[in-house]
Each structure stands twice: as structure tokens, then as C-alpha cells.
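**Q** Let's see this in three dimensions:
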Amino acid sequence: MVSGALSAGELTGIRLAAETSVTRIVLDLNHAPGFRVFELADPNRIVIDLPDTAANSSLQLPVPKGMVRSVRTGAREGGELRVVFDLTENVDPNSFLLPPEGSAGHRLVVDLTSRPPEAAVTRRVVQQERNPELVIVIDAGHGGRDPGATGPHGVREKDVVLQIARRLAAYVNEQPGLEAVLVRDDDRFVPLQDRLRIAREAQADLFISIHADALARGSAEGATIFALDTGRAMSESARLLADRENAADLVGGQSISDRSDVVARILVELSQQVVMDKSIEAAESVIARLSGVTTLRKSTVESGNFLVLTSPDIPSVFVESAYISNPREESNLRDPAFQTIFAHALFAGILDYFRDRPTPGTYLANNPPPVVAPPIRHVIARGETLSEIAERYRISLRDLRRTNQISGDVIRIGQVLTIPTAG
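**A** Presented below is the predicted three-dimensional model:
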């Protein structure tokens, strides 16, 4: 559901444009409306509610075309106007407002694209289950000849983000219905375009790239989460339109190589907007979890101009985990306990995102997971032993050692251990 600013006015026109797999609805208004767009099933309908709006006395309903079978309007209590579009099939809608331009006034646009039947969607399947898995592609930044940033004590970005990525992948793979794919699982260089290719070949449902920031000012601290900058998105849309042959099947799984200019532009803009919206929602879920385990440089999603965020059909999130240029945060980044807690928060945010916005037919949609509890941090006191701590928290000594990367039994007073939790 999408909403905008409220203002009284009139609906002056309704227009339809249709191609094979896209139908565009345009509502002409003499004001910038508040609006709500939602779907109804059995039968399939798109409903648009316009608060403080009336139909102009000369309003003409359009001739049905494309996926629209019929159109009707009705006044509701409180001065709200409802416009209903009866549909010929199940669709994915995308709505947005256009400001006045030239002779055109305010326009509310709703693009409808065909939603393929679930049986036609080919995805990975969870073992012993007949439900598609959701694939999370995890990108540890830099690698090989590209070390990334280096901290004041020599800690390299490429090394610590790989550790976080591996821990995140372990959490993801322990969750039924999710599968992790690591862009790199060792110290090797992967070109940026290859990172996007790996995500696409894996049929990723989410791409998350992990980095560590740096500034000359060593006091800078905190994590920052990015989604694609609008300007970069527009540039990427223009590139896809200019190179349609090579962009085939990259726009919501649909080819644009054989489309008209108008339809190709609609498909690209629609796909890009849907993906950007999902990216922001995923980033917000991650921020909510990270806020409980680390300092945030920014508590809201930032706009980033990063190449790895530009996939037109995969929601993507860019994570600056900490400032490696800050000595304290450099120490945190190389601490296995911090790496585990940070990776667990990323995992919990990802799971929150997919649980709160279930993809129909997936394992998680049919088996909603409980809310994941954050890991427990235990500060070792005098006289404590690893075996006693494991027994107290009812976990295995093996899991306690593995989580904290401890090979023996030597621990120190004041050392912080991460106690793994179920889920």
C-alpha cells in the first residue's frame, strides 16, 4: 500500500495503455492526491482510494483493454473516491505520482505486469520439502590483490569482512527455507561485475555486500547501511534501455529486447522501483537489528552509488560494518565475538524481512519462523571455566568454542564470550 499527501480535488480522467505483458493505468487529477492502492482476489481487482477527491461531472470511463476487464467508480463516506479495476488475471501492481509537466497535470500511475503462476516458477527446493528456498548471496568486499581499507594496527578490511560473511552464511544455512551463496569464501579477487553475475546465476532473492569504512579522522565510528541511490538507478535504467539485447531477461525475468520504446521503459522503471523499495525494506530490517548490537553511524537507510547495488531484479543492501580506521572499532572487527554478534544481527534482520513479507509458496511463508533472539554476551569472571559456562547456558562445549573460535580451554578474566542461541 502506498500513500501520499492529502489535498481536496477532482479526478478528471482515467486512461489505459496496454502491451502484451504490461497495462498502465493513469488517473488525471487537478491536485496532488493522497492515495491507497491495493489488490483484491476472487475476482482479481485493483482498488484505488482517493481521499478528499470527487469524480468530475464530465468524467468518462475508458474502454477496457489489456488486463483491465472493466472500470467503475464510487463515492465513499468522508469525501473519498474509490476507483475499481476488474482484471483478467493476477498481476503485480506498481504505483507512483507524476507532477505536472507541460500540458499534463497531476497523474497517478499504476503499472500492472503479469504475475506468473506459481507452478511456472523454477527455484531451488528445500530437501524433503516441496517449497522453494530463498537464496541470500553474501558478498565479502574486496579480496586478493585488493585489501580494501587497513586499520591503524594493520587489520585488513578484506579479512574481517570475509569472517563476518562466513558467519552470516552459517546462520543462513541453519535456517530451513534459506540458502546462502558466498561470492568468495577465500582470499581472492572478484571483479564487481562478476559479483553481480554470481548473484544473478544463483537466482538471488537478496544480495548483501559487507564492507568496513575508513576515514582519515580516526574518531569516526558506527555502521552504515545503504540502498541504491536514485540517481544511479536512473543511470542504470538508461543503460539497460540503451543495451536491450544484453539486458534481456534482467528486468523481472522479462526480455526487453523485443519491446517498443514505451513498454521497455515501463518494464525497466517498474522493475527498478520494485527492487529499490524491497532493498530499502530489507535495509530497514537490518538496521533495526544492528541497533541493538553496535553503534550506528546513521540510523536510517542511506543512498549509495555502489555498482554492486545496481542489479535491476535483485534487492540489494550494502553494509559498512564499522570504521576500521577507528582503533576501537578495528579491534572489534577482528574480535570473533563481535564478528559473531554482528553476523547474527544481519541474519536476524534478513529473517525479519522475509518473515514479515512472505513470498507465496516458499518454505518460510508456509512455516513462519519465530522471532530470533539476539545472542547473549557473557563476561568471564574469576574462577569460571568454559565447561561451566556451557552447562549454565545449556549449550554444548563444542558450540561455545566454535562460536568464539577457541581451540582449547584457556580463557581470561574480562573476556567477552558470545553465547549462541537457537534459531
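**Q** What segments of this protein are helices?
**A** Listed in chain order, the helices of the chain (DSSP state H) span 157-174, 192-201, 230-242, 261-290, 327-333, 336-356, 363-366, 386-392, 397-404.
**Q** what does the last one contact?
**A** In other words, helix 397-404. 336-337, 340, 386-387, 389-390, 393, 406-407, 417-420 (CB atoms under 8 Å, 6 or more residues apart in numbering). C-betas here are computed from N, CA, C, even on glycine.
**Q** one more time with 7 Å, if that's ok
**A** Residues outside helix 397-404 that contact it (CB atoms under 7 Å, 6 or more residues apart in numbering) are 336, 337, 340, 386, 387, 389, 390, 417, 418, 420.
**Q** tilt between it and helix 336-356?
**A** In terms of direction (axes from the mean of the first three to the mean of the last three CA atoms, to 10 degrees), helix 397-404 departs from helix 336-356 by 90 degrees.
**Q** Next, the buried residues of helix 397-404.
**A** Residues of helix 397-404 classed as buried: 397, 400, 401, 403, 404 (neighbour count, 16 or more other CB atoms under 10 Å).
**Q** how deep is residue 78 tucked in, by neighbour count?
**A** Per other CB atoms under 10 Å, the neighbour tally for residue 78 reads 7.
**Q** Mind splitting this protein into its structural domains?
**A** Domain assignment of the chain by automatic domain parsing yields the ranges 9-115, 134-366, 376-419.
**Q** most neighbours per residue, which of these?
**A** Neighbour counts (mean count of other CB atoms under 10 Å) averaged over each of the domains of the chain peak at domain 134-366, with a mean of 19.
**Q** what about that domain, distance to the chain center?
**A** Relative to its chain's centre, domain 134-366 lies at 8 Å (CA atoms, centre = their mean, to the nearest Å).
**Q** Spatially nearest residue to residue 11 (excluding sequence neighbours)?
**A** Leaving aside its chain neighbours, residue 11 sits nearest to residue 55 (5.1 Å; criterion: CB to CB, 6 or more residues apart in numbering).
**Q** Now do the contacts for the one you found.
**A** By CB under 7 Å, 6+ apart, the contact list for residue 55 reads 11, 73, 81.
**Q** Tell me who's in contact with the last one.
**A** For residue 81, the contact set (CB under 7 Å, 6+ apart) comprises 11, 50, 53, 54, 55, 73, 75.
**Q** quick revisit: would you mind putting the helices of the chain into JSON lines with mean pLDDT and distance to residue 135 alongside?
**A** Output for these, formatted as JSON lines (pLDDT from 0 to 100; distance: least, CB to CB, whole Å):
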{"stretch": "helix 157-174", "mean pLDDT": "93", "distance to residue 135": "9"}
{"stretch": "helix 192-201", "mean pLDDT": "89", "distance to residue 135": "9"}
{"stretch": "helix 230-242", "mean pLDDT": "54", "distance to residue 135": "22"}
{"stretch": "helix 261-290", "mean pLDDT": "80", "distance to residue 135": "14"}
{"stretch": "helix 327-333", "mean pLDDT": "92", "distance to residue 135": "27"}
{"stretch": "helix 336-356", "mean pLDDT": "91", "distance to residue 135": "11"}
{"stretch": "helix 363-366", "mean pLDDT": "88", "distance to residue 135": "12"}
{"stretch": "helix 386-392", "mean pLDDT": "89", "distance to residue 135": "33"}
{"stretch": "helix 397-404", "mean pLDDT": "81", "distance to residue 135": "25"}
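**Q** among those, which is nearest residue 25?
**A** Residue 25 lies closest to helix 261-290 among those, at 11.6 Å (CB to CB).
**Q** From residue 167, how far off is the closest residue in space to residue 290 that isn't next to it in sequence?
**A** With sequence-adjacent residues excluded and distances taken as CB to CB, 6+ apart, residue 290 is closest to residue 345, at 5.0 Å. From residue 345 over to residue 167 the distance is 11 Å, taken as CB to CB, to the nearest Å.
**Q** next one: residue 220
**A** Taken as CB to CB, the span from residue 220 to residue 167 is 24 Å.
**Q** For residue 70, list the residues it contacts.
**A** Contacts for residue 70 (CB under 7 Å, 6+ apart) come out as 64, 86.
**Q** Tell me where the stretch 1-150 of the chain has strands.
**A** Assigned by DSSP state E, counting those that start in this stretch, the strands in the stretch 1-150 of the chain fall at 9-18, 22-29, 36-40, 45-50, 53-55, 68-76, 80-87, 91-98, 106-114, 134-140.
**Q** so what's the residue nearest to residue 171 when sequence neighbours are not counted up against?
**A** Closest residue in space to residue 171, ignoring its immediate chain neighbours: residue 347 at 3.8 Å, by CB to CB, 6+ apart. Residue 347 is in contact with 168, 171, 172, counting by CB under 7 Å, 6+ apart.
**Q** The strands of the stretch 1-150 of the chain: which one's closest to residue 213?
**A** Smallest distance to residue 213 across these (CB to CB): 15.0 Å, for strand 134-140.
**Q** for the record, mean pLDDT for the closest one?
**A** For strand 134-140, mean pLDDT rounds to 95.
**Q** how long is stretch 393-410 end to end?
**A** Taking CA to CA, to the nearest Å as the measure, stretch 393-410 stretches 19 Å from start to finish.
**Q** partners of residue 23 in the sheet?
**A** residue 18, residue 112 (DSSP bridges).
**Q** give the contact list for it.
**A** Residue 23 is in contact with 16, 66, 67, 68, 112, counting by CB under 7 Å, 6+ apart.
**Q** how far away is it from residue 112?
**A** According to CB to CB, residue 23 and residue 112 sit 4 Å apart.
**Q** what's the overlap in contacts for these two?
**A** Jointly contacting residue 23 and residue 112 under the rule CB under 7 Å, 6+ apart are residue 67.
**Q** just how off-centre is stretch 359-375 within its chain?
**A** With CA atoms, centre = their mean, you get 16 Å for stretch 359-375.
**Q** re earlier: reformat the buried residues of helix 397-404 as TSV; add distance to residue 328.
**A** Listed next are those as TSV, based on distance: CB to CB, whole Å:
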residue	distance to residue 328
397	30
400	26
401	26
403	22
404	20
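**Q** Pick the one among those residues closest to residue 351.
**A** Among the buried residues of helix 397-404, and counting by CB to CB, the member closest to residue 351 is residue 403, at 18.2 Å.
**Q** Please tell me how far that closest one sits from residue 420.
**A** In this view, residue 403 and residue 420 are 5 Å apart by CB to CB.
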